[in-house]
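Visitor: fold the following, please.
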Amino acid sequence: MPTLDEIRKRKLEELMQLQQEKSHQQAQDQAQMQQQIGYMEEAVKQFFTKEALARYGSLKTAHQEKALQLLLVLFQAIQKGQIHGKIEDSLLKKILEQITPKKKEINIKRV
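Guide: This next block holds a predicted model:
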């Protein structure tokens, strides 16, 4: 019959193995997501003008999540055939305005 220490040791080893498997799965998921983002980025960058590419690069550096949203919107539009020709900087500005939530203006009145 196993002793209490042996049971604890075996349980600890099982937990460590589960944790390693979980972290390995997360790493695989992360790598797959990065690969998909790279694929979308390459597809969309072909349509950018020089100015739009510069704006996207700046946005990606400063606000990665917003750049990812923009990339997703443009990729879907390209897949649907809504974008023909080059994507101008002005179009990027319009899309960014649409995906950026409006800030609520607060007025304080003193009596």
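Visitor: for this protein, which residue is closest to the average position?
Guide: By C-alpha atoms, centre = their mean, the chain has its centre lying nearest to residue 68, at 4.6 Å.
Visitor: and the pLDDT at that residue?
Guide: Listed pLDDT for residue 68 reads 92.
Visitor: what are the contacting residues of the helix or strand containing it?
Guide: Assigned by DSSP states H and E, residue 68 belongs to helix 64-79. Helix 64-79 is contacted by residues 37, 40-41, 43-44, 47, 56, 59-60, 83, 87, 92, 95-96, 99-100 when judged by C-beta atoms under 8 Å, 6 or more residues apart in numbering. C-beta coordinates here come from the backbone N, C-alpha and C atoms, glycine included.
Visitor: before we move on, what about stretch 29-49?
Guide: Outside stretch 29-49, the residues touching it (C-beta under 8 Å, 6+ apart) are 53, 56, 68, 71-72, 74-75, 78, 83, 85-89.
Visitor: most neighbours of all these, which one?
Guide: Within those, residue 74 tops the neighbour count with 25 neighbours, counted by other C-beta atoms under 10 Å.
Visitor: could you pull up the mean pLDDT of the following helix or strand past the helix holding residue 68?
Guide: Once the chain leaves helix 64-79, the next helix or strand it forms, by DSSP H and E, is helix 89-99. Across helix 89-99, pLDDT averages out at 89.
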